[in-house]
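Student: Any chance you could fold what I've pasted below:
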Amino acid sequence: MRKKGIVLFLAQAVFCTTFLVSSDKSYGDAILEAAKKEGEVVFYGSMELPVSQKLGALFEKKYPFIKVGITRIASERMATRLSSEAQAGRARADVVHQSGFDFYGVLQKGVFESYNSSERSAFPAEYKDDKGYWTLNSATLNVIAYNTRLVPAGEVPKSFWDLTDPKWKGKIIMDENESKWMAGMISYYGEAKVMELLRKLATQDLQFRTGHTLMQTLVAAGERAIVGVAFANGVERLRNEGAPIEWVAAEPIIGLTFGFGLVKNSPHPNAGKLFVDFVLSREGQQAIADSNYYVPRKDVRSPIMKKVPPQVKVIPLSLEMAKRYNEYFHLYRKAMGIK
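Tutor: The predicted model follows:
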């Protein structure tokens, strides 16, 4: 009897496994066939356009019967567009890749659809929700950038506190809205210590500009010596083009995360699911990582991390912090003396 019981148990296990695999395959085949009929996927991305284009080209190579329509749009403007399209009942995007704080605002309005892609299992728990509405699939690293002709090798600042040294007065440029970086720093050091840092930085005769690409270009051109908070991927691009600019990983590195999700009532929902699967796959994540972004997928190595000392931590900007975005925005401007 015991032997028969074991045989019966094994037979049931094999049946269940076969059924689940068959069900998953049937589900995947159904999505694929429906996606073929749709023939298109529309992707709204706030990352650099060449990165979105790379993902689109790789996807089309894998699924030549689906064309990828890419719209590169700034994250805040994207939030407004997505909300307007949803209110009008005319969603145009299928998949969205957007700065985490802005993504959170849209998420609260019910714009995204739950889709628990099997690829999400390769992501740490803190980079996804449990219902499949969002995945933080990449991040821009906040670093200190400097002009190699204006900053001697032996004087390169190693921490954000080094920027408060009087010798850098009048030589630093910062964005007029670094509230996201500030929020990440607060999560690591606590509010009191970070506010003290900002107050000291505010006495450094900072030049405020809007946009990290602009600031990095200005420092590469020698207008100022240092970008107080720069984007590592943008600095790498300039450096690879021959510009005299470099970056240093200061503790901690705040990872400005990107939210990624499927739009509810989108025009091409099945092609959208295939695109989500692809971007979250090892191939898709490696393509993003190779463009000098940080990716959290466990089996992908981000090349940009080769320049980060092992002891320096990457602190991902969580969606939870977005709840206080307005507060952080005003707190930063007050500390920096920006009217």
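Student: so how many other residues sit close to the nearest residue to Glu38 once chain neighbours are set aside?
Tutor: Using C-beta to C-beta, 6 or more residues apart in numbering and skipping residues adjacent in sequence, the residue nearest Glu38 is His268, 4.2 Å away. Where C-beta positions appear, they are placed from N, C-alpha and C, glycine not excepted. Other residues lying near His268 total 24 when counted by other C-beta atoms under 10 Å.
Student: From what I see, His268 and Asp94 are in contact.
Tutor: Yes. Here His268 reaches Asp94: they are 4.9 Å apart, a contact under C-beta atoms under 8 Å.
Student: and Val279, how many neighbours?
Tutor: Residues near Val279, counting by other C-beta under 10 Å, number 26.
Student: Give the residues shared as contacts by His268 and Asp94.
Tutor: Common neighbours of His268 and Asp94, using C-beta atoms under 8 Å, 6 or more residues apart in numbering, are Val41, Val42.
Student: hang on, the earlier thing: could you report the distance from the residue nearest to Glu38 to Thr71?
Tutor: The gap separating His268 from Thr71 is 14 Å, by C-beta to C-beta, to the nearest Å.
Student: can you list residues touching both of those two?
Tutor: Val42.
Student: tell me how far the helix or strand harbouring Val229 is from the chain's mean position?
Tutor: Assigned by DSSP states H and E, Val229 belongs to strand 226-231. Strand 226-231 sits 18 Å away from the centroid of its parent chain (C-alpha atoms, centre = their mean, to the nearest Å).
Student: Run the chain-centre distance for the following helix or strand past that strand.
Tutor: Following strand 226-231 in sequence order, the next helix or strand is helix 232-240 (DSSP H and E). The chain centre lies 16 Å from the centre of helix 232-240; the measure is C-alpha atoms, centre = their mean.
Student: In the sheet, which strands lie alongside the next helix or strand after helix 232-240, parallel or antiparallel?
Tutor: For helix 232-240, the following helix or strand on the C-terminal side (DSSP H and E) is strand 245-248. Take DSSP bridges as the rule and strand 245-248 pairs in its sheet with strand 135-147 (antiparallel).
Student: Just checking, which helix or strand succeeds the strand it pairs with along the chain?
Tutor: strand 172-175.
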